[in-house]
Structure formats: C-alpha cells, structure tokens
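S.K.: Show me how the following folds:
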Amino acid sequence: MRKFLTLTIKEIRELLTPQMILPLIITVFIFMFIGQLIGSQAKTTGQEKTRVAFIDKDRSQISEFVKKALEKQNFKVIEYNADVNKAILLERKKQGSLLVFIPENFSENIEIGKNGEVKIYIFLPSFSFAGVQKASKIKAVIQGINEVISNNLIKSSTVQRGLKTDFLKNPVRFKEYVQIGNKQAQGSSELIISFVSNQSAFIPIIMTVVIIISSQSVATAIAAEKENKTLETLLASPVSRSAIALSKMFASGLVALLVAIFYIFGFRYYMNSIMESDMNARFGAEMSRIIEQLNLKLSASDYVLLGLMIFLSVMVALAISIILGSFTDNVKSVQAVITPIMILVLIPYLLTLFVDLTSLPKWAYLLVYLIPFTHTLQAVQNLFFSRYELILIGMGYQLVLFLALLYVIRMMFHSDRILTTRIKMGKIKIGV
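M.R.: Numbers count the residues shown, from 1 in each chain. Just a heads-up that it's a prediction; the model follows:
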C-alpha cells in the first residue's frame, strides 16, 4: 500500500505543475471579471429607464392606461404625434429600442367585442440577449394590461351580451415588428435572435478550436527545438532566419486551415440538420418569410470576407504564439504561455453572448475592441446588419497588428533572444 501511495504521489507531482495550474487560476479570474462586468451592466440597465417611443392615435382612457402602465414599469415614454414610418426613422437615427403604436378605434373595438391591437416595433442593435430582454419586458407589460382589461370586462355587464370567451381572456393583441438596420419584418424577436445565434454559433467555436490547435502546434515546435537543442543548429544553417520563422507559422496555419475545413463541414452539416428540422416543425414558412424580408442570409462575397477575417485572426494568433513560445525551454511550459491567447478569445466571446458591446462603459468597450479576435467574432453580426465598414476596419486592424508582430518575430530571430529568453517555473512539491 505504501508503494502504491508513493507512486500515486509521484504521478500527481509530475502532473500538478505550475504550467497546468496557472492557466486554471487565470481562467477562473477571467470568468469572475466577465461575470462581474455583465452583472454590473445588467444592474445598470435595470436601474435605467428604457426608452419607448409611444404613438397614441386612439386618445382614449384605455390607451392612456397603456401609457401609464409603461411608465410604472420604469419605461421612459417619448410621445410622438408623427406618422409611424416617420417615427421609426427618427428612432432609428436616435438608436431607439422600442416603439409602441396604438391605432385608431383601439378602445372602440374592445367595447364592441373585437380585439384591440397594439403594434410593437423592436429595433435590434445587436443579437445579444439584452435586446430580447427589453422586448420581453414590454410584452409582459402588455400582457399585464390585457389581464386588467379582461378582468374589468368580465366584471361588467358586457358578459351578458354574448361576447366570446377567447376575446374576454385576451381583449388586447399585439403584433411584433423587428427592425434590423433598414429592414423590417413581422415576427418574434426571440425567434429571430435564436435563428441568427444558431446560424453564427459555428464561427466562434471553429475559430477557437483552430486558434488553440495552431497556437499549441507552433509554440510546441519552438519549445521542442529549444529543449532538444536543435534550434541552434537550425539557426546556424544557410537559411534565412525570417524564412525559418515564417515556415513554422505558415505550416501551422495550413494545418489549422485543414482542421477548420473539416470542422466547418461537419459542424455546418450538424447545425443545418437540426435547424431545418426544428424550424420547419415549429414555424414552417413563417421563418422563411422573415429570413427573406430581413435578408438574414450570407452571400458568397460575405463568406469570402468571413474567411479572410478568420484567416487573419489565425495568423495573428500564430504570430503571438511564436513570440510566447520563445519564452519556453520545454514542451510542458507551452500550455501556460499560450493561456493569454485563449483568454483573448474567451473574453469577447462570452461578452458578445450576453451584452451589446456598445452598451459597455467606454473603457471596457475600447479594451474589448483592442482584442483582434473581437472583430472576427462580431463579423457575422456586422454582415447581417450590412456594416461592411466595420468589417474592413477590423481586417485592417488585424493586418497592421500581424505586420507589427512579424517585425517583432524578425527582430527576435535575428538576435540571440530566441535562444536566451525563457520563463522558469518550478515544480510543486507534494510529500507525505
């Protein structure tokens, strides 16, 4: 038993190294930071009044009741006397979130036993959960209004006039219109965001996998050659040192590209199979109509831009990996030194899921967009919103950063720093 315990401790000592523990600790702190940032943002959003444009063409006690109910639920109601289309244009310019329109004869229809109709226009600045929450909140208010009016109708003598039960339960109905850029479609905002999220989910997943695989590959190649003392021989050979660095980078890039093709093909097939069966079963032609009206499809040129963005992100990650790999003198240290790359992918990915980046504090917004991978993670969303200028800015930024990193790599390989720089990490001692 003692020998078994000794061998177990020996194996744990070999596995439990600073190189393994450091990435775990850093990842935990990153999750804590992101959670606190998202939590504080949600708290701030909850305390602030959500802007709601309000058009009342009915001018009745019931429509006034709708307005007061919105104000009680912490909405900042902005009244318009203009036409709906003009109000939509104004709100779009002001980056508004919601518009509630009550047409004429709203109260009169309810009084004669017809459903009163409320139209809700939702302006989606992004496909994060924040936009859906705002829309869900206002629909919950309408449902509450519906319940109050329903109770009043049931208590009144109108029940004796033979009104239908369905009307008494739901005297107010609302139609939801979603605005994406200059395009509009009638449909559920939750459905649209769910569709877009599923369509674009494979981009961050594949990019993360490709970056991690390629980064580990090139950093391991540098660390292995330093550990085996073959890097000195390679650098002394009659080959340009820049060519040595570039060959390692592009070889890893080609392997990553091959991996990406397989992952894209497999994951895309998987997502399409699920999406087609699920969407057709639940929504059928409705989803096709919404996709057509909002143009939620990527063209061949969009896929080319997306591919270039992913390629630039992978090359930036490879350049960073070569620099970080130069600080290791053994293969075991690779996992620790490439942790910053994984963190730089993780931060924007988690943030874009839960919050609209434009709603972040300015310091956080700038920091997030200084991360090159943020631009690629936002690429699909920008393509759906036809924000091609942001795509080009992101590509330009990543290209400039890649060239700057190439210069640093060239300087390192043309000096002895590639051989002498290292980070020493001791072993964790475990005894009995």
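
S.K.: Just the CA trace of stretch 381-391, in CSV.
M.R.: C-alpha atoms of stretch 381-391 as CSV (Å, rounded to 0.1, in the frame of the first residue of the first chain):
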residue,chain,number,x,y,z
GLN,A,381,-23.5,40.1,-36.9
ASN,A,382,-21.9,43.0,-38.8
LEU,A,383,-22.6,41.2,-42.1
PHE,A,384,-26.3,40.7,-41.2
PHE,A,385,-26.5,44.4,-40.3
SER,A,386,-24.6,45.4,-43.6
ARG,A,387,-21.9,47.1,-41.5
TYR,A,388,-19.2,46.5,-44.1
GLU,A,389,-17.2,49.4,-42.9
LEU,A,390,-16.7,47.7,-39.5
ILE,A,391,-15.6,44.5,-41.3
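
S.K.: quick one: buried residues of that stretch?
M.R.: Neighbour-count burial for stretch 381-391 flags Gln381, Asn382, Leu383, Phe384, Phe385, Leu390, Ile391 (criterion: 16 or more other C-beta atoms under 10 Å). (C-beta placed from N, C-alpha, C; glycine too.)

S.K.: Would you map out the domains in this structure?
M.R.: The domain map for the chain lists 47-186, 196-420, with the assignment taken from automatic domain parsing.

S.K.: Spatially central residue in the chain, please.
M.R.: By C-alpha atoms, centre = their mean, the chain has its centre lying nearest to Thr352, at 2.9 Å.

S.K.: Could you check how many residues crowd around the residue nearest to it when sequence neighbours are not counted?
M.R.: Distances taken as C-beta to C-beta, 6 or more residues apart in numbering put Leu377 closest to Thr352, at 5.7 Å, once the chain neighbours are dropped. Number of residues near Leu377 (other C-beta atoms under 10 Å) recorded here: 26.

S.K.: what about Ile320, distance to Phe402?
M.R.: According to C-beta to C-beta, to the nearest Å, Ile320 stands 10 Å off from Phe402.

S.K.: Next: Pro361.
M.R.: Distance from Pro361 to Phe402, by C-beta to C-beta: 29 Å.

S.K.: what about those two, which has more around it?
M.R.: Using other C-beta under 10 Å as the criterion, Pro361 and Phe402 rank with Phe402 on top: 19 against 12.

S.K.: For the more buried one, give me its contacts.
M.R.: Leu312, Met315, Val316, Ala319 (C-beta atoms under 8 Å, 6 or more residues apart in numbering).

S.K.: give me the element it is part of.
M.R.: Secondary-structure assignment from DSSP states H and E places Phe402 in helix 388-413.

S.K.: in that helix, what counts as buried?
M.R.: 390-391, 394-395, 397-398, 401-402, 405-406, 409, 412-413.

S.K.: What of stretch 218-228?
M.R.: Counting neighbours by 16+ other C-beta under 10 Å, stretch 218-228 gives Val218, Ala219, Thr220, Ala221, Ile222, Ala223, Ala224, Glu225, Lys226, Glu227 as buried.

S.K.: so what's the nearest residue to the fourth one once chain neighbours are set aside up against?
M.R.: Across the structure, with C-beta to C-beta, 6+ apart as the measure, the residue nearest Ala221 apart from its sequence neighbours is Lys248 (5.5 Å). The contact partners of Lys248, taken as C-beta under 8 Å, 6+ apart, are Val218, Ala221, Ile222, Ile322.

S.K.: swap in Ala221?
M.R.: Ala221 neighbours (C-beta under 8 Å, 6+ apart): Lys248, Ser252, Gly325.

S.K.: Just the buried ones from the contacts of Phe402?
M.R.: Using 16+ other C-beta under 10 Å, the buried members of those are Leu312, Met315, Val316, Ala319.

S.K.: any idea how far the residue nearest to Ala221 lies from Ile222?
M.R.: From Lys248 to Ile222 the distance is 7 Å (C-beta to C-beta).

S.K.: tell me, what's touching those two both at once?
M.R.: Joint contacts of Lys248 and Ile222 (C-beta under 8 Å, 6+ apart) are Ile322.

S.K.: about what we covered before: now the two most distant members of the contacts of Phe402.
M.R.: Leu312 and Ala319 (10.6 Å; C-beta to C-beta).

S.K.: What ranges does the stretch 51-200 of the chain have for its strands?
M.R.: Using DSSP state E, counting those that start in this stretch, the strands assigned to the stretch 51-200 of the chain run over residues 75-80, 98-102, 116-123, 172-180, 183-186.
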